[in-house]
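Enquirer: Need coordinates for the below:
(one chain, ligands or ions: 2)
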Amino acid sequence: MEESFTCTKLHPTFGASVDGVDFSKPVSAQVIADLVKAHTYYGVLVFYNTGLDDLTHCEFSKQLGELERAPKFNSPDQPDRFSQPWLFDAGNTLIDGTLVQKDSRRWHYNKGNALWHVDSSFNQHRSKYSLLLSHRVPKDGGDTGFADIRTAYDDLPQEKKDMLEDLIIEHNLWHSRKVAAPEEFSKITEQEMAVKKPAYHKLVQVGPDGRKTLYIAAHSKRVIGWPDDKGLNLINELLAWCSQPKYTMAVKWQQTTRQLVWWSNITVLHRATPFSDQMEIRDMRRTTVFDDGPFAHGIPDAAEREMRGDLPAA
Ligand code: OGA
Ligand code: MN
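Expert: Numbers count the residues shown, from 1 in each chain. Ligands and ions are numbered 1, 2, ... in the order given. Down below sits the predicted model:
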């Protein structure tokens, strides 16, 4: 008999929890296809008690597309805490199991996750999915917030949609670090700048379900062809619009562990929320799946076009 699963809505317009997927063996191609269909519709899928480990987490993720190798933005000699090179460390421990200390560069770096964002928009080849697996969660707090940017886009007035339609945004990892921790990241080392240069993507995009969405994040630094402050004002206005309470929900992480949350980096925003990070361990590991759709590589020549003046009028 073919396996099947059921989805339970988490919010009126997006998100669902999923029951009935057996992760103890490879998931069949038919179930993967059905899951992708459900994910395309909901934008966020939550699975409880998956029993996944590092290897099976990566193997399931690979069934959804090509995986990004976890970047080492904290420092290039950052040691690997995990056996799999695909796993991004979204937790608060060091390799020796001690907590990331308050006021260390990594602690300041992690603050950027608390801003509304999508993963990897600062890459010219962006990602479509992230799959975050809990290994250990704090007693209180540490929920992950999500915002429905398809509905937020739909609700914009038509004149605004027309104004936004052709804009191109510069995404820069160091911008979100600076916004979250201005004292620490007022200076970016040359080495840091060299590991992550800006990327350029269209603001208004068509998601995998054919609905329009806003590709915006805390990494969004400026609008190409616009004065910096005018562009940043628009970006901040749109981030505030998208994160109005009516478009958002929070996913709680159950104590029972190995909960998986699979989100879209195209149709939803997400952010981390506070917990007692100097008292409790939160061990979270993430795979990130490259986008292979029509907007996957953004507008790589946007900065050159800006220099030539070949861009939409400000
Ligand atoms: C991430 C992220 C949020 C969280 O892993 O990309 O933003 O709640 N995580 O850990
Ligand atoms: Mn993230």
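
Enquirer: List, one by one, the residues from the stretch 51-200 of the chain near ligand 1.
Expert: Taking CB under 6 Å from any ligand atom as the contact definition, the stretch 51-200 of the chain meets ligand 1 at Ala90, Asn113, Asp119, Ser130, Leu132, Thr144. Just so you know, the C-beta spots here come from the backbone N, C-alpha and C atoms, and that holds for glycine as well.

Enquirer: does the second one really touch Ala272, like I thought?
Expert: By that I understand Asn113. Yes. Contact criterion CB atoms under 8 Å: Asn113 and Ala272 qualify, at 4.1 Å.

Enquirer: related to what we said a few turns ago, using a markdown table, lay out the residues of the stretch 51-200 of the chain next to ligand 1 together with secondary structure.
Expert: Formatted as a markdown table, those follow (DSSP: H, G, I helix; E, B strand; the rest coil):
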| residue | secondary structure |
| --- | --- |
| Ala90 | coil |
| Asn113 | helix |
| Asp119 | coil |
| Ser130 | strand |
| Leu132 | strand |
| Thr144 | strand |
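
Enquirer: Reformat those as a markdown table; add neighbour count, distance to Ser4 and pLDDT.
Expert: Shown next, in a markdown table, are those (neighbours: other CB atoms under 10 Å; distance: CB to CB, whole Å; pLDDT from 0 to 100):
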| residue | neighbour count | distance to Ser4 | pLDDT |
| --- | --- | --- | --- |
| Ala90 | 20 | 31 | 94 |
| Asn113 | 17 | 35 | 96 |
| Asp119 | 24 | 30 | 98 |
| Ser130 | 22 | 25 | 98 |
| Leu132 | 22 | 25 | 98 |
| Thr144 | 22 | 27 | 98 |
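
Enquirer: for this structure, what helix or strand is lowest in average pLDDT?
Expert: The weakest-scoring helix or strand in the chain, judged by mean pLDDT, DSSP states H and E, is helix 190-195 (a mean of 85).

Enquirer: need the next SSE after that one, C-terminal direction.
Expert: strand 199-202 (DSSP states H and E).

Enquirer: Which single residue in the stretch 151-300 of the chain comes nearest to ligand 1?
Expert: Closest approach between the stretch 151-300 of the chain and ligand 1, counting by CB to the nearest ligand atom: Ala272, at 3.6 Å.

Enquirer: State the number of residues packed around that residue.
Expert: 21 (other CB atoms under 10 Å).

Enquirer: for Gln205, same thing?
Expert: The criterion is other CB under 10 Å. On that basis, Gln205 has 20 neighbouring residues.

Enquirer: Show me what it is bridged to.
Expert: Thr213 (DSSP bridges).

Enquirer: out of the residues of the stretch 51-200 of the chain next to ligand 1, which one sits closest to Gln63?
Expert: Closest to Gln63 out of these is Ser130 (15.0 Å), distances taken as CB to CB.

Enquirer: does the closest one really touch Phe290, like I thought?
Expert: No. Using CB under 8 Å, Ser130 is not in contact with Phe290, being 11.3 Å away.

Enquirer: can you give me the offset of the least confident helix or strand of the chain from its chain's centre?
Expert: The chain centroid and the centroid of helix 190-195 are separated by 22 Å under CA atoms, centre = their mean, to the nearest Å.

Enquirer: Can you list the buried residues in it?
Expert: Buried residues in helix 190-195, defined by neighbour count with 16 or more other CB atoms under 10 Å: Glu192.

Enquirer: quick one: low-confidence parts of the stretch 101-250 of the chain?
Expert: Within the stretch 101-250 of the chain, no range satisfies pLDDT under 70.

Enquirer: can you pull up the bridge partners for the residue of it found nearest ligand 1?
Expert: Nearest residue of the stretch 101-250 of the chain to ligand 1: Thr144, at 3.6 Å (CB to the nearest ligand atom). For Thr144, the beta-bridge partners are Val251, Ala272 (DSSP bridges).

Enquirer: Grab the nearest non-local neighbour of Arg222.
Expert: Closest residue to Arg222 apart from its sequence neighbours, by CB to CB, 6 or more residues apart in numbering: Gly231 at 4.0 Å.
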